[in-house]
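> generate coordinates for the sequence data below:
(one chain, ligands or ions: 1)
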Amino acid sequence: MDRIRIRGGRPLSGDIPIGGAKNAALPLMAAGLLTEDRLELSNVPALADIETMAALLSQHGIAVEADGRVLRLGGRITDTEAPYDIVRKMRASVLVLGPVLARVGEARVSLPGGCAIGTRPVDLHLKGLEQMGAEIRLDAGYINASVRGRLRGATIVFPFVSVGATENLLMAACLADGRTVLANAAREPEIADLALCLRAMGAQIEGIGTDRLTIEGVDRLHGARHAIVPDRIETGTYACAAAITGGSVRLLGARLEHLGAVARTLREAGVEITEEPAGLLVRRLNGLHGVDAMTEPYPGFPTDMQAQFMVLMSVAEGAAMITETIFENRFMHVPELNRMGARINVHGASAIVRGVPALSGAPVMATDLRASVSLVLAGLAARGETVVNRVYHLDRGYEAVERKLAACGADVERDPG
Ligand code: EPZ
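The predicted structure is shown next:
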């Protein structure tokens with residue numbers, strides 16, 4: 001089982017290329033189910049989750065051709081089942097439900113189980129599809145969805161913001177009969193990226209980038225070419241790596257406008273972020289100080305940056321209160337960080353972080369994607385050696401993390417274990 005070995009204490013200096021956003025690439029690949037024509041996606045990140053989604057699309061009968069960072073998808077849907085052994089590896093598989101149902105009138109998708117960070121139900125996805133005329137039956141751990149004729153447009157008001165439910169229903173609505181309104185829709189940049197691609201495929205979508213999406217269904221969608229938006233979470237992660245090591249790193253291809261609350265919070269903590277033609281220059285010139293953060297749907301502080309920011313705060317002057325409002329169990333990095341000498345106390349949905357002068361290296365265990373990268377960040381700053389085990393979590397969402405860090409002077413290597 002792969003692990004990553006880090007010897008900390010070296011300021012990062014150099015360039016880090018930012019890849020295409022994982023959380024845009026996955027729904028965009030599912031959009032390939034909406035047309036028989038060819039959908040060409042570029043700036044595709046090389047990640048385990050992308051391979052899993054490609055395997056799932058192939059299972060549905062879609063031809064998937066990979067050419068470097070370009071994916072070409074196309075073909076007829078010949079199988080409407082998304083089997084448990086694929087869905088259990090990646091919850092985002094549930095994003096094929098809306099497109100398959102909209103294209104062929106039926107779909108059998110394994111219920112995605114919970115995961116380390118929470119139970120992660122999909123009730124909003126299912127309720128929305130029922131409002132569009134689908135019949136949903138759960139049995140033997142599978143979602144059996146069917147609709148006589150076409151899905152019908154509907155006005156769907158989400159009781160709370162859900163990225164996945166917004167994406168599933170947005171894709172289904174493109175081929176429904178009539179108008180669909182998605183109110184209280186998620187506004188993450190990855191959703192705007194999906195909507196722009198759908199529009200290029202012939203979908204009629206208004207309100208892109210807002211919390212109210214209006215879709216006029218069309219009979220069919222055609223092929224398109226789309227470049228995937230840069231990954232704002234990868235950007236924020238490496239910004240924290242530059243900050244925690246007291247270095248200076250240029251994040252190539254990164255876009256400040258998608259960093260919103262993360263940039264504001266990092267700047268408040270003492271991190272300098274400057275826009276340059278090639279991307280963002282991130283430096284930490286003086287000390288870090290404790291700043292509170294609360295995770296919220298976009299444009300608030302993203303839950304996918306909570307663990308990384310907590311590591312930064314663990315070596316800041318003063319204290320920081322970090323509150324997780326999106327997932328019920330997303331503090332599993334805390335015990336591991338405390339083993340490295342951090343002083344973090346969790347009280348329900350909040351963690352109080354009291355800064356310490358330095359962390360000390362230790363063998364630690366990764367549990368989920370963002371928790372695992374936060375342990376790598378801790379290792380970069382810690383005295384001595386840190387070994388992060390179970391890095392398969394990391395490989396799901398971060399491309400060549402040890403190569404990118406080593407290129408900026410970090411003493412890090414992957415140990416096949
Ligand atoms: C997406 O997950 C992302 N994954 C997650 O990133 C991200 O943390 C999350 O959005 C929030 O931003 C992808 O895009 C592939 P939600 P998703 O539906 O769509 C509850 C990462 O690290 N909920 O916005 O599953 C849910 O349990 C991953 O890259 C329901 O109760 O998130 C959660 O508490 C982790 N019922 C909250 O809503 C539903 O039907 C937000 O979930 C749907 C969601």
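
> contacts only, for the residue of the stretch 101-250 of the chain found nearest the ligand.
Using C-beta to the nearest ligand atom, the closest approach of the stretch 101-250 of the chain to the ligand is made by G164 at 2.8 Å. Backbone N, C-alpha and C define where each C-beta goes, glycine included. Counting by C-beta atoms under 8 Å, 6 or more residues apart in numbering, G164 makes contact with A92, V94, L95, V122, H125.

> out of the residues you listed, who's the most crowded?
The most crowded member of the contacts of G164, judged by other C-beta atoms under 10 Å, is L95 (28 neighbours).

> just put the contacts of G164 in CSV and tack on pLDDT.
Shown next, in CSV, are the contacts of G164 (pLDDT from 0 to 100):
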residue, pLDDT
A92, 95
V94, 97
L95, 98
V122, 95
H125, 98
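
> would you state the helices of the protein in chain order?
For the chain, the helices defined by DSSP state H cover 22-31, 48-59, 84-87, 97-104, 123-131, 163-174, 189-200, 232-244, 260-268, 306-314, 333-339, 369-381, 392-397, 401-406.

> can you flag the weakest of those by average pLDDT?
Among these, helix 392-397 carries the lowest mean pLDDT, at a mean of 90.

> residues making contact with stretch 366-374?
Residues outside stretch 366-374 that contact it (C-beta under 8 Å, 6+ apart): 115-117, 233, 237, 304-308, 310-311, 330, 332-333, 336-337, 375, 388-391, 393-394, 396-398, 401.

> before we move on, back to that, the ligand next: which of the contacts of G164 are close?
Restricting the contacts of G164 to those near the ligand by C-beta under 6 Å from any ligand atom leaves A92, V122, H125.

> with distance to P27 as extra columns, can I get the residues you listed in a markdown table?
Below are these laid out as a markdown table (distance: C-beta to C-beta, whole Å):
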| residue | distance to P27 |
| --- | --- |
| A92 | 8 |
| V122 | 14 |
| H125 | 12 |
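
> for the protein, what lies in contact range of the ligand?
22-23, 26, 92, 118, 120-125, 162-165, 303-304, 326-327, 369-370, 397.

> can you rerun that using 5 Å?
Within the chain, the positions adjacent to the ligand are 23, 26, 92, 120-124, 162-165, 303-304, 369 by C-beta under 5 Å from any ligand atom.

> ok, back up a step: among the contacts of stretch 366-374, name the buried ones.
115, 117, 233, 237, 304-308, 310-311, 330, 332-333, 336-337, 375, 388-391, 393-394, 396-398, 401 (16 or more other C-beta atoms under 10 Å).

> how about the contacts made by P230?
I18, G19, G20, A21, N43, G253, A254, R255, H258.

> from those, which single one is nearest R148?
For these, the closest approach to R148 (C-beta to C-beta) belongs to A21, at 36.7 Å.

> and for that closest one, the neighbour number?
The burial count for A21: 24, using other C-beta under 10 Å.

> pretty sure it is touching D231, no?
Yes. In this structure, A21 is within contact of D231 by C-beta atoms under 8 Å, at 4.0 Å.

> need the overlap of contacts for these two.
Residues within reach of A21 and of D231 at once, by C-beta under 8 Å, 6+ apart, are P45.

> I344 touches E336, doesn't it?
No. Counting by C-beta under 8 Å, I344 stays clear of E336, with 10.2 Å between them.

> show me what the nearest residue to T325 once chain neighbours are set aside is bridged to.
Once flanking residues are discounted, T325 sits nearest to T295: 5.4 Å by C-beta to C-beta, 6 or more residues apart in numbering. Listed by DSSP bridges, the beta-bridge partners for T295 are F301.

> and T295, how far is that from A269?
In this structure, T295 and A269 are 16 Å apart, going by C-beta to C-beta, to the nearest Å.

> could I get the helices of the chain as CSV with distance to S110?
As requested, the helices of the chain are exported to CSV (distance: least, C-beta to C-beta, whole Å):
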stretch, distance to S110
helix 22-31, 15
helix 48-59, 10
helix 84-87, 4
helix 97-104, 10
helix 123-131, 13
helix 163-174, 15
helix 189-200, 22
helix 232-244, 26
helix 260-268, 34
helix 306-314, 28
helix 333-339, 28
helix 369-381, 20
helix 392-397, 18
helix 401-406, 30
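
> quick one, which of these is nearest to V353?
Minimum separation from V353 across the helices of the chain (C-beta to C-beta) falls at helix 306-314, 4.4 Å.
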